[in-house]
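Colleague: sequence first, then the predicted structure:
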Amino acid sequence: MATNKTPPWMFGNTTVRSPFRLRDGLLAISQSPIQGNLRGTERDKEFRELLGEHGIVSLGTDETNSVGRKWRAALEKHGFIYPNLPANTQIEGYSVERVDTITPSGWRLISAESVPAIQECFLRALLSFWVPNTLEKRRSLVKPFSPLRFCLSIMLELERNCGSNVVHFNEMALVIQFSNPSTPTIELVKRILSLRKGREQASNKRSYDADTYADAASMYSYEVQTLNDYADLNIRYLKATGLLVSRGRGIAISEGKHLFVEKICNESVALVDNTRWLKDLVEGSSLPTDNIEVASDVVDDLVKQLKNKGVELKDREKSRVSASEVNLLRYDLEEKLFEINEREYAKRQALQWREISSWLQLLSTNPYRAISLDDGEKIVVPQGEAPAYFEWIIWRSFLAINKLVLGPGECRRFKIDQDFLPVGTAPGNGPDLIFEFDDFVLVVEVTLTSSSRQEAVEGEPVRRHVATVVDNYHASNKQVYGLFLTNNVDSNTAETFRLGTWYRADDSRMTLSIVPLKLSEFKSFFDTLFEKEVVECERVRELIERCIGGREEEAPAWKSYISNTIYGYVSELKLLTKVDNV
């Protein structure tokens, strides 16, 4: 909506809310002949179809081509493809022939495999993102600024004023994203603290929130939902840098990256000219750690953090001849720190089983409506990320049940960020999750696909993945089971798993033990384990064995048998006492 007030700044657009999906789009483009030719109605359609073919977007019945156009705009905005600059643009190094081809920054993102490496790509991209810039079509009286540096400086100023650098969601929605450095940081912090004080003193916080949002919507001429959509998007992109972590629906500076943030904010950086802007945009901005002294300071800080966790590093004095060598050491230390933090996270899951149960409940219903936890926090599935969150919450469920032989990072094939939240789904050509226990192995596959299409999409891959694991564990003599979780089990899928037949390349036959369960059924079993304090991994095995016992029935009857078996077993567990469990 048009307005003469300060418009909001945004890192991307609401069609591509998750920045990590941009890498998938780049991978698709890199393998397609449409690279370098992404403009025009027909090309927008081709790009949209390409994204759909790679499973990056759901095509559904939407025949519009805006998806392709908005994906292209997001990639261009962050310098992952060469931008199409306004006509008559005179910038050294700019070539029309390069438009829509992948930039050095884009190829760096494609090459990045680990989450820290991907986050560094986004950090370089967001540091090179200025508003307004040459790509902006609207006129602005605002001097160009870096939204990332702007947000970080506000958070550090908050920390100086009140001891905490947390920015709440409503503060991003109502204050920060409509502000810029033309207002002194201290004044913006005062506005934020005033908003907090008003909410703390309000007798009815819900009414207070509604009133403040209504006032802002009127002032800026935007819908209330739009304010939230933009704030959600901006927070996701800020977190993609790896510098920030979640605090409820808001964000805070990661404890392990505080020094890094200070170095960024202490740099004196200005948008000198368009040539420098374009170079940074397509190549990615430099980082403080490109300097060997700064990189060494960050390494020393990481060593200190690891020492506080009881880790002594004998190789801490590795060669520090160049910044690249120091940064290789930094990457190693960051990975060690993350592994330790992930193990600590895994240990906490048993204590968080009620929250896990709430997520299971949330994902078993569609549409996915927010659920309030006991502490007042709300959980909600981010738009477009239900499949990833499905894998994530099942991973957490088995971390809570515990007794795992493999480490938490070895059980999952999807990536997680610094908040241990999922970064996309598990890649193809392998199971979603593998849980190895002392006496058996459980291969878990999940899907939100329903109807007869479920069997077409999942039937062969699930059997192939389980069969591969069976062969991998042949020497150990461990029994391998498959668990297929979905909201609705199609009878054709059940029939495929009931037969459970798989032939190896040499035509030798194996019969697989795969049980399809509804997520609601799994939730009932999971809840009972913790409510009755009878949490044992062997109970998982016993439940699966009981369900397999009825597969001589036809598929519809076997589905009923499985359901009755689960609820019957749950009833048995509810009759147990702690003495029985011992």
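Modeller: Structure's in. What do you need?
Colleague: and the host helix or strand of residue 463, what does it pack onto?
Modeller: When secondary structure is defined by DSSP states H and E, residue 463 falls within helix 453-472. Helices and strands touching helix 453-472, by 3 or more Cβ pairs under 8 Å, 6 or more residues apart in numbering; DSSP states H and E, are strand 440-446, strand 479-486, helix 491-499, strand 501-503, strand 514-518. Where you see a C-beta, it was placed from the backbone N, CA and C, and this is true even at glycine.
Colleague: what's the mean pLDDT across it?
Modeller: Averaging pLDDT along helix 453-472 gives 94.
Colleague: which residues of the stretch 301-450 of the chain fall in strands?
Modeller: Taking DSSP state E, counting those that start in this stretch to define them, one finds strands in the stretch 301-450 of the chain at 371-372, 378-379, 415-416, 422-423, 433-436, 440-446.
Colleague: by how many degrees do the helix holding residue 463 and strand 440-446 diverge?
Modeller: 160 degrees (axes from the mean of the first three to the mean of the last three Cα atoms, to 10 degrees).
Colleague: residues contacting residue 281?
Modeller: When contacts are counted by Cβ atoms under 8 Å, 6 or more residues apart in numbering, residue 281 is found next to 78, 79, 83, 103, 105, 128, 129.
Colleague: so it versus residue 36, what's the distance?
Modeller: The gap separating residue 281 from residue 36 is 18 Å, by Cβ to Cβ, to the nearest Å.
Colleague: cool, and residue 103?
Modeller: As for residue 103, its distance to residue 36 is 12 Å (criterion: Cβ to Cβ).
Colleague: those two: which is more packed in?
Modeller: Between residue 103 and residue 36, counted using other Cβ atoms under 10 Å, the more crowded position is residue 103 (23 against 14).
Colleague: so where's this protein shaky on pLDDT?
Modeller: Scanning the chain for pLDDT under 70 picks out the ranges 1-6, 60-65, 137-141, 272, 315-319, 577-582.
Colleague: so which residue is dead centre in it?
Modeller: residue 423 (3.0 Å; Cα atoms, centre = their mean).
Colleague: beta partners for that one?
Modeller: The residues listed as beta-bridge partners of residue 423 by DSSP bridges are residue 415.
Colleague: just to check, it is in contact with residue 416?
Modeller: Yes - the criterion here is Cβ atoms under 8 Å, and residue 423 meets it with residue 416 at 6.2 Å.
Colleague: for these two, list the residues in contact with both.
Modeller: Between them, residue 423 and residue 416 share these contacting residues under Cβ under 8 Å, 6+ apart: residue 115.
Colleague: in the helix ranked longest in the chain, what counts as buried?
Modeller: Secondary structure of the chain read by DSSP state H shows that its longest helix is helix 323-348. Counting neighbours by 16 or more other Cβ atoms under 10 Å, one finds that the buried residues in helix 323-348 are 323, 326-327, 329-330, 333-334, 336-338, 342, 345-346.
Colleague: so can I have TSV of those showing distance to residue 19?
Modeller: Supplementary listing: the buried residues of helix 323-348 in TSV, determined by distance: Cβ to Cβ, whole Å:
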residue	distance to residue 19
323	26
326	27
327	22
329	27
330	22
333	25
334	19
336	26
337	23
338	19
342	22
345	22
346	26
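Colleague: what's the closest of these to residue 227?
Modeller: Distance ranking of those against residue 227, using Cβ to Cβ, places residue 345 first at 32.2 Å.
Colleague: show me how the protein divides into domains.
Modeller: If the domains of the chain are taken from automatic domain parsing, they occupy 1-137, 347-581, with pieces of a single domain joined by a plus sign.
Colleague: centre of the chain versus the longest one, how much separation?
Modeller: Using Cα atoms, centre = their mean, to the nearest Å, we find the averaged C-alpha position of domain 347-581 to lie 20 Å away from the chain's own average C-alpha position.
Colleague: do the first one as well
Modeller: Average the C-alpha atoms of domain 1-137, do the same for its chain, and the two points are 19 Å apart (Cα atoms, centre = their mean).
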